[in-house]
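Q: From the sequence below, what's the structure:
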Amino acid sequence: MASRAGSADLPLHGGHVPKWLADRMTRLGAVISEAIVYHYGRDELLRRLAHPFWFQSFGAVMGMDWHSSGITTSVIGALKRGLAPRASELGIHVCGGRGKHSRRTPQELVAIGERAGFDGAALAKASRLVAKVDSAAVQDGFDLYLHSFIVTDDGRWAVVQQGMDGSRGLARRYHWLSEGLKSFVDEPHAAIEGAAQGEIVNLTDRRAEASRRLQLKVLEALGPDGIARELASLAHSRESPAARAAPNQLLLPHLVMPSRHEVTPGDFSAPRLYASLAAAADRAPADFAGLLLLPGVGARTVRALAMVAEVVHGAPCRFADPARFSFAHGGKDRHPFPVPLVVYDQTIGVLKSALRKARLGRGEELAALKRLDDQARLAEREEQGQNGGLLIAEERRLSHTLGGRSVFGWESPAPAPADG
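A: Below you'll find the predicted structure:
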């Protein structure tokens, strides 16, 4: 049985993803996804997408705002654009999206099903049911505005959808996974991300099974008018001792994403971050000197690759601090530092080269990336962490040399210190 994996507060932020970043997110998201499929298969990619902490880390490593609800829209859009040209080869299809695109999901599934050979009509029904559950069976104050259905050629799927509560400036993301799913109405979610806002109506909780049956009986016996009268009579007893003694809903682990843009030391695991940096410094000469032939690839790119390697190979427990992955390619809002386009482009180039050679039977470069991640796990045992603020300051000081860019424009050289 699929189960909830956790929740998170996701602040709503306005704005858009600039084309210079959206294009790169498309390329990087596609190549990371392809690497996961190469190493672990399509089902594992679905499991990752259904994991809320991994999903947020995936967006952060691609240079999106590490904490905001915008990661959902931008990641889904990037995957839909990036995986579409290789859908027939990889056997993975991304349907739906935000607004009007979400409403086209059933038609997309039917069309893809005819080409790929799965029952698109049945999955279109599943898509509608998933949306209905999170908008009606779970009444938590969030209105759905994004629905994405990711399906493989063998009919397995994951769903990522998101709702917003504009009055609170918050979003909630819902994750579903077909693997192990036995019912659309009895605890079907892989995860729900969002702010805790007190008691909610959750008719998908297994403890609500009796309630679901009784609701049908009441509707048959009383009809709509009779139910309205009963509700009116119950309104006076809402604060009764029995009502106050009702059991609390089960608490789930949740990831709290603050509304502030700044990345602070409390937002990430310093030992894990600096273990990645140490692994990059230690392993680059041994593992990459003879493999990475792209001009200009240096230590800074290898550091980014170490974090990308963890997104590809890391265990689920390692993604509780998505802010850490923003240290690979920064963020479009300049937090923790501007996006270093030189590094970003080299990361994409290295991964594409490694995958191209692996498809031809030469997997040395992909194996080197895996060893880089392994080395970081070993380094973590010794690493105590350092001052994250100093690392951010240094990245910003050097940003202009790395093609630093944000929604505010290109980075200029830092002013020279005044003479004392």
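Q: Can you verify my assumption that residue 94 contacts residue 78?
A: No. The criterion here is Cβ atoms under 8 Å, and residue 94 misses it with residue 78 at 9.5 Å. C-beta here means a position set from N, CA and C on the backbone, and glycine is covered the same way.
Q: what's the spacing between residue 66 and residue 337?
A: Distance of residue 66 to residue 337, given as Cβ to Cβ, to the nearest Å: 12 Å.
Q: ignore the last one, residue 11
A: 20 Å.
Q: show me where the stretch 51-200 of the chain has strands.
A: Using DSSP state E, counting those that start in this stretch, the strands found in the stretch 51-200 of the chain span residues 92-98, 138-139, 143-152, 157-165, 170-177, 189-193.
Q: for the ones you listed, which one sits closest to residue 120?
A: Closest to residue 120 of the strands of the stretch 51-200 of the chain is strand 143-152 (Cβ to Cβ; 8.8 Å).
Q: quick one: average pLDDT of that closest one?
A: Across strand 143-152, pLDDT averages out at 94.
Q: follow-up on the earlier one: any idea which of the strands of the stretch 51-200 of the chain gets closest to residue 366?
A: strand 92-98 (18.7 Å).
Q: For that closest one, which helices and strands make contact with it?
A: If contacts are counted by 3 or more Cβ pairs under 8 Å, 6 or more residues apart in numbering; DSSP states H and E, strand 92-98 sits against helix 70-83, helix 105-116, strand 143-152.
Q: Turn the ones you listed into TSV, including mean neighbour count and distance to residue 324.
A: Below are the helices and strands packed on strand 92-98 laid out as TSV (neighbours: other Cβ atoms under 10 Å; distance: least, Cβ to Cβ, whole Å):
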stretch	mean neighbour count	distance to residue 324
helix 70-83	23	15
helix 105-116	18	33
strand 143-152	22	25
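Q: Would you format these as TSV with distance to residue 316 included?
A: Supplementary listing: those in TSV, determined by distance: least, Cβ to Cβ, whole Å:
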stretch	distance to residue 316
helix 70-83	17
helix 105-116	27
strand 143-152	18
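Q: mind listing what residue 37 touches?
A: 44, 45, 90, 92 (Cβ atoms under 8 Å, 6 or more residues apart in numbering).
Q: Am I right that it is in a strand?
A: No. Counting by DSSP: H, G, I helix; E, B strand; the rest coil, residue 37 is not found in a strand; it is helix.
Q: Mind pulling the model confidence for it?
A: For residue 37, pLDDT reads 97.
Q: Repeat that for the one 4 residues further on.
A: Model confidence at residue 41, expressed as pLDDT, equals 97.
Q: That one and residue 88, how far apart?
A: Counting by Cβ to Cβ, the gap from residue 41 to residue 88 is 17 Å.
Q: next one: residue 118
A: With Cβ to Cβ as the criterion, residue 118 and residue 88 are 14 Å apart.
Q: Between these two, which has more neighbouring residues?
A: Set residue 118 next to residue 88 and count neighbours by other Cβ atoms under 10 Å: residue 118 wins out with 20 against 12.
Q: quick one, what contacts the more buried one?
A: Per Cβ under 8 Å, 6+ apart, neighbours of residue 118: 112, 151, 153, 154, 155.
Q: Nearest to residue 175 among the residues you listed?
A: residue 151 (14.9 Å).
Q: For stretch 398-414, give the mean pLDDT please.
A: On average, stretch 398-414 scores 95.
Q: ok, now stretch 122-134?
A: On average, stretch 122-134 scores 89.
Q: For that stretch, buried residues please.
A: Neighbour-count burial for stretch 122-134 flags 123, 124, 126, 127, 130, 131, 133, 134 (criterion: 16 or more other Cβ atoms under 10 Å).
Q: wait, isn't residue 179 in contact with residue 157?
A: No. Applying Cβ under 8 Å, one finds residue 179 not in contact with residue 157, separated by 9.1 Å.
Q: quick one: which of these two has more around it?
A: residue 157 (25 against 13).
Q: Look up how far residue 133 lies from the more buried one.
A: On the measure of Cβ to Cβ, residue 157 and residue 133 end up 15 Å apart.
Q: Any stretches of this protein with poor pLDDT?
A: For the chain, applying pLDDT under 70 flags the ranges 1-9, 136-139, 181-256, 282-296, 383-386, 417-420.
Q: so residue 415 sits in a helix?
A: No. Per three-state DSSP, residue 415 lies outside any helix segment and is coil.
Q: Verify the stated contact: residue 35 with residue 367.
A: No. Contact criterion Cβ under 8 Å: residue 35 and residue 367 do not qualify, at 11.8 Å.
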